[in-house]
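Enquirer: please work out how this folds:
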Amino acid sequence: RGRQAMADPTPPSPAKDDESDGGDEDVLKVDLLATLDDALAYIQQSFPQDDEAGKVRARDAALRVADDLLGGDPAGRDLMDDAVDVLQTRTLKRVTAQPSGRSFVCVDAAFGGSSGGRYACWKDFCTCEKFSEAAARVSTKVLCKHMLAARLAPLCSKLDTQDIGDDQYHSYISCRYVEL
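Expert: Here you go, the predicted model:
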């Protein structure tokens, strides 16, 4: 679709002068990604997901919060649409190394991609090309559709899991050995 990964649209806060009087030049900087992560964690804790109705409420709340935070900007709207498409059409699996607990999410790539058909996503990094291109252009945090889908997947009942040994972690990062 030709869409790009989205850099955090939060404007940078002005540099604080040591002689600041605490007046109007002190601006609160909101980190949208941290806000999204906090909201999704709150939903995870607050909405019991032990029945179908609870799962639907958690999914709807997660999608609504993400849309409220990202949907006001055209790039954010496109990112949200693309992430929902990933959730609906691809397989996502959290791979967790034991006993350390290190983990990443493996996402099927559309049409094979340059990674042989799969991307590895962490909270602040994805192996997809759009993430790399966007991260090289800006100095703020970057979020691609795979990373957003990985954040939303647990609340949308779209995340499978696989445990591996710590000694296998580095081999699995390529996602080559992950069974999707």
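
Enquirer: pull the residues that contact stretch 47-66.
Expert: 36, 39-40, 43-44, 80, 83-84, 148, 151-152, 155-157 (CB atoms under 8 Å, 6 or more residues apart in numbering). Placement of C-beta: from N, CA and C, glycine included.

Enquirer: only the buried residues of that stretch, if you could.
Expert: Judged by neighbour count using 16 or more other CB atoms under 10 Å, the buried positions of stretch 47-66 are 47, 49, 55, 57-59, 61-63, 65-66.

Enquirer: switch those residues over to TSV; also include secondary structure, distance to S100 and pLDDT.
Expert: Below are the buried residues of stretch 47-66 laid out as TSV (DSSP: H, G, I helix; E, B strand; the rest coil; distance: CB to CB, whole Å; pLDDT from 0 to 100):
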residue	secondary structure	distance to S100	pLDDT
F47	coil	29	88
Q49	coil	26	83
K55	helix	29	92
R57	helix	33	94
A58	helix	28	94
R59	helix	30	95
A61	helix	31	95
A62	helix	27	96
L63	helix	32	95
V65	helix	30	95
A66	helix	29	94
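
Enquirer: I'd like those residues laid out as a markdown table, including distance to A109.
Expert: Output for the buried residues of stretch 47-66, formatted as a markdown table (distance: CB to CB, whole Å):
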| residue | distance to A109 |
| --- | --- |
| F47 | 30 |
| Q49 | 28 |
| K55 | 27 |
| R57 | 31 |
| A58 | 27 |
| R59 | 24 |
| A61 | 28 |
| A62 | 23 |
| L63 | 23 |
| V65 | 26 |
| A66 | 22 |
